[in-house]
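[1] here is my input; please provide its structure:
(chains A and B)
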Amino acid sequence: QKEVEQNSGPLSVPEGAIASLNCTYSDRGSQSFFWYRQYSGKSPELIMSIYSNGDKEDGRFTAQLNKASQYVSLLIRDSQPSDSATYLCAVSGYSSASKIIFGSGTRLSIRP
Amino acid sequence: DAGVTQSPTHLIKTRGQQVTLRCSPKSGHDTVSWYQQALGQGPQFIFQYYEEEERQRGNFPDRFSGHQFPNYSSELNVNALLLGDSALYLCASSLPGYTEAFFGQGTRLTVV
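    Prediction:
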């Protein structure tokens, strides 16, 4: 079983709609959860961090965490063509000494 | 404020050769982690350096080694290169006590 699992996609969403990306993880001790965006040929860019159960909103992005279900999600509202990228879910422990484990990513395509 | 910087951006090496990749963390960051990202995969943790010591190591052979300098910059060395070492090598840095990691632009290594 992979430590962090994501659907590889591609996920195709019309422009202006809500894109929903999901991720599950296996280590119940995980404390820190991240979403990175990676454009083709570029490095990952941190877009959201979440540490406690519930929702966290930042602009058009909402991260949701459910530790009991070991489930993390990212919602992108009013999707734009510039949101087309691979989204990496990542989990870590409670301190900077903890390594970050990444999923394989979900490729998102926003169609005009 | 400069972000995480890596050099070189691209590199072509021959099987059996050795390579050194370099990373300068963001200002104020003291922890440096290295990742390998193969095409279509998420980043895989190689190792982490803190206070000039290797603090954690992922499932990579001893051919992969590193160093951290007093100014927190870091090097990744790979000996006896294999074709399978071809990948994007990413450096990430973190603030003291924080789990969030910020990536450099990466070094694309091609082994022929």
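[2] from here on, contacts and neighbour counts on C-alpha atoms
    OK.
[3] show me what contacts the nearest residue to residue A:30 once chain neighbours are set aside?
    Distance criterion Cα to Cα, 6 or more residues apart in numbering or on different chains; nearest residue to residue A:30, sequence neighbours excluded, is residue A:93 at 4.9 Å. With contacts defined as Cα atoms under 8 Å, 6 or more residues apart in numbering or on different chains, residue A:93 is in contact with A:29-32, A:99-100, B:99.
[4] again, 10 Å this time
    By Cα atoms under 10 Å, 6 or more residues apart in numbering or on different chains, residue A:93 lies in contact with A:27-33, A:51, A:99-101, B:99.
[5] what does residue B:110 give?
    By Cα under 10 Å, 6+ apart, the contact list for residue B:110 reads B:10-15, B:81-88.
[6] so which of those reach chain A?
    When contact is defined as Cα under 10 Å from any Cα of the partner chain, the contacts of residue B:110 meet chain A at residue B:88.
[7] just the buried residues out of the contacts of residue B:110, in PyMOL syntax.
    Selection command for PyMOL covering only the buried members of those, criterion 16 or more other Cα atoms under 10 Å in any protein chain shown:
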select buried, chain B and resi 13+15+81+82+85+86+87+88
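[8] can I get the contacts of residue B:110 in CSV including pLDDT?
    CSV is the format used below for these (pLDDT from 0 to 100):
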residue, pLDDT
B:10, 97
B:11, 97
B:12, 98
B:13, 98
B:14, 98
B:15, 98
B:81, 98
B:82, 98
B:83, 98
B:84, 97
B:85, 98
B:86, 98
B:87, 98
B:88, 98
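[9] pick out whichever of the contacts of residue B:110 sits closest to residue B:33.
    residue B:88 (14.0 Å; Cα to Cα).
[10] who's the closest one bridged to?
    Under DSSP bridges, the beta-bridge partners of residue B:88 are residue B:37, residue B:108.
[11] isn't residue A:4 right up against residue A:23?
    Yes - contact criterion Cα atoms under 10 Å: residue A:4 and residue A:23 qualify, at 6.9 Å.
[12] for the most centrally placed residue in chain B, which non-adjacent residue is closest in space?
    Taking Cα atoms, centre = their mean, the centroid of chain B lies closest to residue B:34, which sits 3.3 Å from it. Distances taken as Cα to Cα, 6+ apart put residue B:91 closest to residue B:34, at 4.6 Å, once the chain neighbours are dropped.
[13] returning to that earlier point: show me the contacts of residue A:93 that map onto helices.
    Per DSSP state H, helices hold no members of these.
[14] of the residues you listed, which is the most crowded?
    residue A:33 (27 neighbours; other Cα atoms under 10 Å in any protein chain shown).
[15] secondary structure element holding the residue nearest to it when sequence neighbours are not counted?
    Nearest non-adjacent residue to residue A:33, counting by Cα to Cα, 6+ apart: residue A:91, 4.5 Å away. Secondary structure from DSSP states H and E places residue A:91 in strand A:85-92.
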